[in-house]
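Visitor: Coordinates for the following, if possible.
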Amino acid sequence: MTTYAQTVKGAIVSLGGAFMISRYAKAAAVEQGLDGVWTSYFAGRCGALGAVDADVVSAALVFYPADVVRVGWEAAWASTDPARSAARYAQACHEWGRVKLADFEGAGRLADLAGTVAAGADVAGLPLFAAWRALPVPADDPARAALALQVLREHRGGLHGVAVLAAGLTPLQAILAGPGGEPNATFFGWRGPFEDASGLQAARAAAEVVTDDLADHAYAVLGDGEQAELAELLDKTVAYVFDRATLDGR
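Guide: Down below sits the predicted model:
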C-alpha cells in the first residue's frame, strides 16, 4: 500500500534540497570565507545545531564519515560561527524561493500546508529537523514556502537515518546498497575498498518503506482534501521550478 509520504517524497526531497546547490548557497559560502564543498555544507546545514562538537553533527547527519565531518566542521569556525552560518544559509534558502517561486500563484498555500505539517510533526530523534524548524520564518510567501520545504526535507532525512539503523545497516552499507552505490559513497567521503552490498538491497528497500511509514504520521494533521491539495501543489511546484530552471538558467 502506497503511503501519502511515499507519494510526496520525490517532491519534498528535490525541492527542499535544491537551494543547497544553487548560486545563493555558493554566495553564502563565499561571503563567510568558507572554502570547500563540505566545509560550507556542514556549516550551513548544521549551523542551526549551535556550537557543538563535530560528533554531534555526525550524529545528526548520519550518512557522512565522522572524520570528514570533523575536518569540515572545525575548518568552518576559522572564519564564521554557527549562528551566523545558519542564518546566512537560511537566507540562501529564502533567496532561492524568492526567485524560483516569485510568480508561482500557489506559493502561499504551499507554505501554509507544508508549514502546518512541519509544525505538527514530532521532533523525537530528529535534531536537524528541530533546529531548522526553530529558525525564524520569513514573511513573504515564496521564501516561507522554500523554508517549509527544506524543513520537511530534514524531517524525512532524519527519519531515514533512524530507519536505516533500525534495519541493522550501517550508514555506509545503506549508501552502498542504494541507487548511487560506490560512487555515491565516495562522494560522501567514504574510502574504499568497499564491501559487496548486493545482498543488502532488500534491507535497504525495507528501510525506505519504514521511512515512508514514519514520515506519514506527520501528514495526518491535514484532512483528506488538504492532503490532495498539497500533493497537487507539490507536483505543480516541481514542474514550475525545474522547467523554469531549464528555460531561464536560474
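
Visitor: Okay, helices next: where are they in the protein?
Guide: For the chain, the helices defined by DSSP state H occupy 4-17, 23-31, 37-46, 54-61, 66-76, 82-100, 107-120, 127-133, 141-166, 171-176, 181-187, 201-219, 224-248.

Visitor: Same list (the ones you listed) but as a markdown table, adding mean neighbour count.
Guide: Just so you know, the C-beta spots here come from the backbone N, C-alpha and C atoms, and that holds for glycine as well. A markdown table is the format used below for the helices of the chain (neighbours: other CB atoms under 10 Å):
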| stretch | mean neighbour count |
| --- | --- |
| helix 4-17 | 20 |
| helix 23-31 | 18 |
| helix 37-46 | 24 |
| helix 54-61 | 20 |
| helix 66-76 | 19 |
| helix 82-100 | 22 |
| helix 107-120 | 20 |
| helix 127-133 | 23 |
| helix 141-166 | 24 |
| helix 171-176 | 22 |
| helix 181-187 | 14 |
| helix 201-219 | 18 |
| helix 224-248 | 15 |
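
Visitor: Compare those and give me the one nearest P193.
Guide: If you check each of these against P193 by CB to CB, helix 181-187 wins as the nearest, at 9.3 Å.

Visitor: which residues does A87 contact?
Guide: Contacts were defined as CB atoms under 8 Å, 6 or more residues apart in numbering; by that measure A87 touches G47, L135.

Visitor: no, scratch that, I was asking about A215
Guide: A215 touches T3, A5, K9, H155, R156, L159, counting by CB under 8 Å, 6+ apart.

Visitor: Max pairwise distance over those residues: which two?
Guide: Spatial extent of these (CB to CB) is set by the pair T3 and H155 at 14.3 Å.

Visitor: which one of the helices of the chain has the lowest average pLDDT?
Guide: Confidence, taken as mean pLDDT, is least for helix 224-248 of these (a mean of 87).

Visitor: What angle do helix 201-219 and it make with each other?
Guide: 110 degrees (axes from the mean of the first three to the mean of the last three CA atoms, to 10 degrees).

Visitor: Would you mind pulling up the elements that helix 224-248 packs against?
Guide: Packing partners of helix 224-248 (3 or more CB pairs under 8 Å, 6 or more residues apart in numbering; DSSP states H and E): helix 4-17, helix 82-100, helix 107-120.

Visitor: got the angle for it vs helix 141-166?
Guide: Using the same axes, to 10 degrees, the interaxial angle of helix 224-248 with respect to helix 141-166 works out to 110 degrees.

Visitor: Next up, the contacts around the residue nearest to A25 when sequence neighbours are not counted.
Guide: Nearest residue to A25, sequence neighbours excluded (CB to CB, 6 or more residues apart in numbering): A92, at 4.6 Å. Listed by CB under 8 Å, 6+ apart, the contact partners of A92 are F19, S22, Y24, A25, A27, A28, G44.

Visitor: do the same with G125
Guide: Under the criterion of CB under 8 Å, 6+ apart, the neighbours of G125 are G158, L159, V162.
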